[in-house]
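[1] Curious how this folds, go ahead:
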Amino acid sequence: MNFEEMLVQTEKWMEDVFSHEPTGHDIWHMRRVKKLAEHLARLEGGNLFICQMTALLHDYPDEKWNDDPDQAYQDIIRFLRNLQLSTNRIDQILLSMKNISYRGNHRVPETLEGRIVQDADRLDAMGAIGIARTFAYGGKKGQLIHHPAVPLHQLSNVEYGSNDTTIQHFYDKLLKLPKLLNTESARAIAIKRHEFMKSFLAQFYREWDGEDYQPL
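    Sure thing, here's the model as predicted:
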């Protein structure tokens, strides 16, 4: 089996698992991350195949929807062995997957491929797609959209998770992402996506407070 066939099989497996995932971490997210990772790898270097496989598999062991991440990694190893992938390639993929997830803080993957996929994953959490995914996740988790109990100018200083609304997530994570990207290529893409999120929030607050219309 060649690399292209392995990628097809891997994507099919992830589609079977994540096709109906409702929080924005579905198979389409994985496909977008893969496409972004391919673009970044061509600009930044790194092994293209390892980036592609890491992008497709990176969410499978995530604790947000997998109660047993250790077993999830064993599932991945068994799947990759069934593809007849070499032990060295499997180890490269597993190492690249390590520390990609944000989980409330920032850790840098050890490999260039991991850093590229981390950048691709974080780019998909920004811009219009990032906004849509954030509200999908908040709705699934039963979060309020926003609660004005905390003054807006203080949101960026609120303790992580203490104001558990979807709007707070922008300040907990999304607006911090440009400074946490690893590659210049990703930072260039992030500029417009970051500005779009800031303009969205500005309009959101205007509408929330009724400042975009004249009361009768």
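[2] C-alpha only now, for contacts and for neighbours.
    Noted.
[3] just so I have it, where are all the helices in this protein?
    3-18, 27-44, 48-57, 69-82, 87-97, 112-123, 127-140, 166-172, 184-208 (DSSP state H).
[4] Among those helices, which comes closest to Glu63?
    When the helices of the chain are compared by Cα to Cα, helix 69-82 sits nearest Glu63, at 6.2 Å.
[5] orientation of that closest one relative to helix 48-57 in degrees?
    Helix 69-82 runs at 140 degrees relative to helix 48-57, counting by axes from the mean of the first three to the mean of the last three Cα atoms, to 10 degrees.
[6] lowest-confidence helix or strand of the chain?
    helix 166-172 (a mean of 91; mean pLDDT, DSSP states H and E).
[7] which one of the helices of the chain is the most hemmed in?
    helix 112-123 (a mean of 27; mean count of other Cα atoms under 10 Å).
[8] outside of it, which residues touch it?
    By Cα atoms under 8 Å, 6 or more residues apart in numbering, the residues outside helix 112-123 that reach it are 33-34, 36-37, 40-41, 45-47, 50-51, 54-55, 95-98, 100-101, 108-109, 130, 177, 181-183, 186, 189-190, 193.
[9] for this structure, which spans come out with low pLDDT?
    103-105, 150-163, 214-216 (pLDDT under 70).
[10] Kindly recompute the last result at 50.
    Across the chain, the ranges flagged by pLDDT under 50 are 153-154, 158-162.
[11] Can you tell me the centre-most residue of it?
    Asp121 (3.7 Å; Cα atoms, centre = their mean).
[12] can you tell me how far that one sits from His147?
    Per Cα to Cα, to the nearest Å, Asp121 is found 28 Å from His147.
[13] Can you pull the phi/psi pair for Glu110?
    phi -70, psi -30 (degrees, to the nearest 10).
[14] how near is it to Gln92?
    10 Å.
[15] Name the nearest residue to Asp62, sequence neighbours excluded.
    Counting by Cα to Cα, 6 or more residues apart in numbering, the nearest residue to Asp62 once its immediate chain neighbours are dropped is Pro69, at 6.4 Å.
[16] Can you tell me how far the one you found is from Ile76?
    10 Å.
[17] residue contacts, the nearest residue to Thr134 once chain neighbours are set aside?
    Spatial nearest neighbour of Thr134, excluding adjacent residues (Cα to Cα, 6+ apart): Thr166 at 6.7 Å. Thr166 makes contact with Thr134, Phe135, Gly138, Gln143, Leu144, Ile145, His146, according to Cα under 8 Å, 6+ apart.
[18] what's the closest of the residues you listed to Asp212?
    His146 (17.9 Å).
[19] The closest one and Ile167 touch, don't they?
    Yes: applying Cα atoms under 8 Å, one finds His146 in contact with Ile167, separated by 5.5 Å.
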